[in-house]
Structures are given as structure tokens and as C-alpha cells.
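J.: 3D, please:
(2 chains)
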Amino acid sequence: VEESMLEKEKPVRKEIAASKALKKVMADHFYELDEASKSGSRKIAWCTSVGPAELLRGMGFLVYFPENHGAMLGATRMAAELIPYANAIGYSPDICSYLTSDIGSYLQKRTPLTTAYDIESVPRPDVLVFNTNQCRDVQDWFAWYARELNVPLIGVHTHRDIGDIRPYQTKDIASQIQDLVPKLEEVCGGKFDPGRFKEAVACSKRTSELWRACLESAAAIPSPWTFFDATIHMGPAVVARGTREAVDYYELLLPELQERIKKGIAAVDGERHRLYWEGMPIWGKLRPLSEQFASLKTCVVASTYCNSWIFDQLDPENPFESMAVAYTELFIVRDEAHKEAYIKKCRDLFQFDGVIFHDAKTCPNNSNSRYGMPERLSRNLHLPVLTIHGDLNDLRCYSEEQAKTNIEAFIEQLEEG
Amino acid sequence: LRPVYVGVDVGASRTKVAILDEKKRLIGHAVRKSGTDFARTADDTFRTASEMAEISPQDVVRCVSTGYGRRNVTFSDDAKTEISCHAKGCFHYFPVAMTIIDIGGQDNKIIKLDGKGRRLGFKMNRKCAAGTGAFLEEMSVRLDIPLEQMDAMARAAENIVELGSYCTVFSGTEVLEKIRQGKKVSDIVKGLFFSVIKRVLEMDSFTDTVVMSGGVVAHNPYLVEMIREISGREIRVPEYPQLTGAVGAALFAMEAEKP
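T.: The predicted structure is shown next:
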């Protein structure tokens, strides 16, 4: 028997045509920030991934997202070299590896922006704005820069483990967002313009609607794209939310996905199994994981992660309150029962036949396998589940062979039916 | 010509080969250290097993490989994960709903099967190899006791010296501390076994019949007695627990030919 017979066929990746436009949106985003950082032409706010970006845009700030930089550090696998420098100044290897890789990147003066865009360093902030809906780590992360760069730090403190959302909770968040205005006015040296704010909220809402439609296109059988594609194409929904450019981008991407559905083009040739990915991506291993799933004729069709940038509750006529609702209805701040019901709803829509939980060592808030959820979901939805252990950025916590065997064994289990 | 089916399980620590005849009888088997050249070890192990089975390579109808080095076996027709193969192998010996505990060289697995042998789910140890064969190997070096004497020592123990840490290396330090305190080596060895059992018990709950497989159980039957006592459950062990994965692979080979 030929040795080659044992090697699984190498799958063909079908490039999404919109990728070219995607690269331009991302490049423009960083060039604009870099220019402003150097010239001082515009004020720059650093914002957490689900922080009040619309308000910042509405007040004329350029917005930079360190979590996006964190993901780039992971995807380029620079994180592994940089995390130890943050560990050495007292930031534990057990806390958020976005934080530790980003601070390590600052300490070592090395950024993936240099290779990608010939940009020397991340833009210098005029203000740091967080929302703890992601975790407490984002606040501690920004606090480090606040001390290091002597920049004001302001933010929103979220409610957590919420079942049904109560009016007092959204009222509180709305007023916390409103309370940011005076400080932001002081930093940008101008008056708050409600018209501009509404415009940003409207763009963000439209972006969300389009992004949702893109993600839901994966309900088609076979799916036109995969979770791994979406983690890349979500870039504009993250960094350009609240701008016209993001809207334009998804108005380009959505028809391409719809066209694929019409023509029956499958992201994974001969799609046999459909899975849901719960938890963070393993940024440094997107390619090998995507290839492994493709070779196993398995499409990861949906994920909590990519769905977490849908904020279609936004309402330009009611900007503060609707932001509060959008940022409180978020999966990550909800209780276990809500999360399980959410995944069940996703199952009904996407018709997946199994769930993979990624237990990310340094990201407890995005690791939903730790309080018995896989076991409960498996029982209640009669769905096979698998937990793989790894991390978003710290590949020291990831044993690739173990993970590959787990995934292969899981698909063998699905094959047994 | 005597048609046979071959399973090759290239584990991180040992390579196992099982040869089954058409009636699913185990007619040849062999175990070797996997070493670094998996392909060659697989060849050599197969040769030893074929001598025992008195067959020649032409008799092999089909071969399935499994284990960490499953893609390195040059004479294999297909590869399956060790999870599927252990499940298949254990169900062959005990055709009932079961929880399988496999303790391997660097992997522990808990696999659950229904009454028809279908897999309900499985778990592997997390990224750390605590509680696997590698732990006992490391400790045998630390304590300067040959691996094959550990079972008898644990059996002779009067007490258990409990170890606290997850970490194999820190457990080594803890062991040295116990020796300094004057604890008996046999009691420490029993403590090591107990540590392996704790790592397994915390992986999953046990349901239905419990079946144990893997090299660690093959060479340390006292571990099975301990787990029986601790869990209060009947534990069943196939005749050659170390070969279960290879037998499962051979059964897959047979199924592919005669579905």
C-alpha cells in the first residue's frame, strides 16, 4: 500500500472574492490611525471590542481596538515570544493572553502592523475607554497603558450572569455611557454632537444587520463559508463598526455568499458534518484547524464568537438606551440558562450535528465548558459535544496532537451515527 | 493462504500489533517500545507478531493503524483514532453498555458506549500528562525502582502516602520529601498508584460496566484492585489490556472487508 494513501486529500480553499476589499478596509483603518497618531490631526480613543465605539465615533475620535491587535499577535504567532515579557513584569500567564501578548508587544516594540502595513507601532491613545462586558482583564489591560502613557482611563462596568434583563440594568448602563461624555469632550476639545452620534449608531446598526445576514448564510446546506472564514471577515464589524466603510464592506460580502448558496458552492467540498464552535478561536492555528475540518468533510458553520458582534438592537432614535440594551443582551454577560437556550436556537437555525467547546486556558469568560454546560447541552439537545483545551493566543497551553486526535475521534463518532 | 486482519497501535510509549483470524481469534501479538522511528518499530513489531501467528505478509487481508503514530505505519490500509479502536476492542470482549478507562503512556481516555457499542462520548486528559504511564515512568526513575517491580511494591504496602500535586515534576519533589520524612518506599508507590486513580476519577463519572485497558493496567494489575475498592464498582479487564486498541483496529480492518 502506498504511503500516500494514508494522507488525507488536501482540501482546496475557495478564496472569497471580497477578501481584496477586506484587506483595503483593514489597511485604511490602520493607516488612518497611524497618520493621526503621528500628526495629531485627530484624537484617538482606544476601545475594548464591545466598548462604546459608536459614542467615540460620534464624538469624532478615531477608534483603535487593542483586542484586534491581540488577535493579530495570535494569528502571526508572535504572541508566544511576547507573552513572557509581560509575565516577567508581574502579569500572570494565567490571565488574558491578549493582554499579556499586547503588553509584551509594547515592551519589545514589536507589532504585526510592521510586517502587514509597514507601520512602526500602534497608535498613541488620547483616551482609553473600556466596557467590562468582556471581562475584568480589559480594564486592567487599559489601566497598564493609562499608567504607562499617562492617559485618562474611563469606562463602563457591566452587569454579569444576567438571566432576564431588567430595566434597572439597561438604565444603569445607559447612564454610565452618558457619563463618559464630559470626559470625552474634555479630551477632544469639542462639544458632543447628537446628530453625528446618531449617524454612527445608524451605521453600526446597519453593519450588524448585514453581518448577521452574512453569518446566517451558513444556515444553507452546504454552507457557503466556515467559522474560520468568518473570523477573518469579521474584521470590519469589529474595527470599523459605526462607519460607512464597514457597511459598504458587508454590502459587498453578503451578495457573494448569497451567490454561492444559489450556485450550491460549498466551503467544504462534500460537506458531511456541521459543527458549532463555542469559545475563542485559537488564532495561531486557524489554518491547520480549518484544513483538518475540511479534510474530514466537516464545516464549522457557526460560533458564539462571530455572533458576538451582532448589535442590531441599536436604534439611532434612542442611541444611549439602545447601546445599553445591545451591550447587555450580549451572550458573554448572560447566565448559563440563557446561554444554553441561545445555543439551542442556533442549532435550530444552523442544523449542526455537534458542538466543539474550546476551553481557552487564559479566557474564562469565553470558556463555557467549565460549569457543566457541555454535559447539559449534550443531554438536553441529544448532541455530541467535545471539549478541546487550548488558548486564544498562548500556544504553550495547546497540545496540537492531542487536539487533532480529539477532533478526528469526534468526527469518527459522528460517522458512527 | 490464511486470511488474517491486522491492527497496529503505535502509542507514544509502546507499539502494539494484534493479528486476528477470520473467527476474530487473536492468533498473534507483540509489543515493543515505540522509540523514535515509528515506521520501523511498526514493521519489527508486525514481524514478531506474524512469527507467533505463523503467517506471512501475503496472508494479511487488511490492516488498520491507530495511536499517536497511526500515520507512520507504511503497510497500513487505513487509520483510525485510538478512541474508536479502544471502544471497538473493549466492546468485542464485553458487548455491553460501558465506561472504558484507558490509561496509556501519555494519554488517559474515558469512553462511554451504549449497549450496541455506539460511542456516546469521550474525554481525554487535558494538556497535562499527569496520571498517565509517563508519570509512573518518571517516578520509577526518581525512586530508582524498576517499573516492573512497582506493582508488587504497591501490593505490599501497609499505608498510602498521598501526594497532592497535579504536576509530575512537583510530585517528584514531594516524593523526595516523603523519603526524607522516613516514609516507606512501598507506601509511596501505593500513593503514586492512588495519584493515577485520582486523575482518572476526576475526568468523568463512571456509568454502567467499567472496563479498563491500556499498558499501565496490563503491567500493574494492583491498580485495578485499588480502583475497584475506591469506586466500589466491578471493573472488568480484557485478557490483554495493552492490546485492546490494536485488536479494535484489526476488527475495523475486518469490518471494512466484510461489512
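
J.: what does the stretch 101-250 of chain B have sitting close to chain A?
T.: Within the stretch 101-250 of chain B, the positions near chain A by CB under 8 Å from any CB of the partner chain are B:107, B:118-119, B:121-124, B:126-127. From N, CA and C alone the C-beta is placed, and that goes for glycine too.

J.: check which helix or strand the residue lying closest to A:Ala21 once chain neighbours are set aside maps to.
T.: Leaving aside its sequence neighbours, A:Ala21 sits nearest to A:Leu252 (CB to CB, 6 or more residues apart in numbering or on different chains; 5.5 Å). Counting by DSSP states H and E, the element that carries A:Leu252 is helix A:244-263.

J.: I'd say A:Ala143 and A:Leu153 touch.
T.: Yes. Taking contacts as CB atoms under 8 Å, A:Ala143 lies within contact range of A:Leu153: 5.9 Å.

J.: among the residues of the stretch 101-250 of chain B next to chain A, which pair sits farthest apart?
T.: Spatially, the most separated pair among those is B:Arg118 and B:Lys127, at 28.2 Å (CB to CB).

J.: just want to know which of those two has more residues nearby.
T.: Counted by other CB atoms under 10 Å in any protein chain shown, B:Arg118 and B:Lys127 do not tie: B:Lys127 has more neighbours, with 17 against 14.

J.: where does the prediction get shaky in the chain?
T.: In the absence of a named chain, this looks at chain A. Regions of chain A meeting the criterion pLDDT under 70 cover residues A:1-12.

J.: my bad, the chain I had in mind was chain B
T.: Applying pLDDT under 70 to chain B picks out residues B:127, B:259.

J.: spell out, range by range, the strands that occur in it.
T.: Using DSSP state E, the strands of chain B run over B:4-10, B:14-21, B:26-33, B:60-66, B:78-79, B:98-103, B:108-113, B:119-124, B:209-213, B:235-236.

J.: so A:Ala143 and A:Leu153 - more neighbours on which side?
T.: Applying other CB under 10 Å to A:Ala143 and A:Leu153 shows that A:Leu153 carries more neighbours, namely 18 against 14.

J.: give me the contact list for stretch B:190-205.
T.: B:99, B:101, B:103, B:108, B:110, B:112, B:123, B:125, B:130-132, B:135-136, B:139, B:150, B:153-154, B:157, B:159-163, B:166, B:171, B:175, B:178, B:216, B:220, B:222-223, B:226-227, B:230-231 (CB atoms under 8 Å, 6 or more residues apart in numbering or on different chains).

J.: which SS state does A:Arg370 fall under?
T.: Following DSSP: H, G, I helix; E, B strand; the rest coil, A:Arg370 is assigned to coil.

J.: dump the residue contacts of it.
T.: For A:Arg370, the contact set (CB under 8 Å, 6+ apart) comprises A:359, A:364.

J.: check B:Asp208 too.
T.: By CB under 8 Å, 6+ apart, the residues touching B:Asp208 are B:96-99, B:112.

J.: go again with 7 Å.
T.: Contacts for B:Asp208 (CB atoms under 7 Å, 6 or more residues apart in numbering or on different chains) come out as B:96-99.

J.: repeat that for A:Ala403.
T.: Neighbouring residues of A:Ala403 by CB under 7 Å, 6+ apart: A:388, A:390.

J.: wait, a helix at it?
T.: Yes. A:Ala403: assigned to a helix according to three-state DSSP.

J.: gap between it and A:Ala79?
T.: Taking CB to CB, to the nearest Å as the measure, A:Ala403 falls 17 Å from A:Ala79.

J.: how many neighbours does the residue of the stretch 101-250 of chain A found nearest chain B have?
T.: Nearest to chain B in the stretch 101-250 of chain A, going by CB to the nearest CB, is A:Ser101, at a distance of 18.8 Å. A:Ser101: 30 surrounding residues under other CB under 10 Å.

J.: can you check B:Thr132 too?
T.: B:Thr132: 25 surrounding residues under other CB under 10 Å.

J.: which non-adjacent residue is nearest A:Ser105?
T.: Among residues not flanking A:Ser105 along the chain, A:Leu82 sits closest, at 5.1 Å (CB to CB, 6+ apart).

J.: same thing with B:Gly35?
T.: B:Thr41 (5.4 Å).

J.: can you count the residues close to the one you found?
T.: 22.

J.: the one 5 residues further on too?
T.: Here the count is done by other CB under 10 Å, and B:Phe46 has 24 residues near it.

J.: coming back round to it: deepest of the strands of chain B, which one?
T.: Mean neighbours per residue, mean count of other CB atoms under 10 Å in any protein chain shown, is largest over those for strand B:4-10, with a mean of 31.
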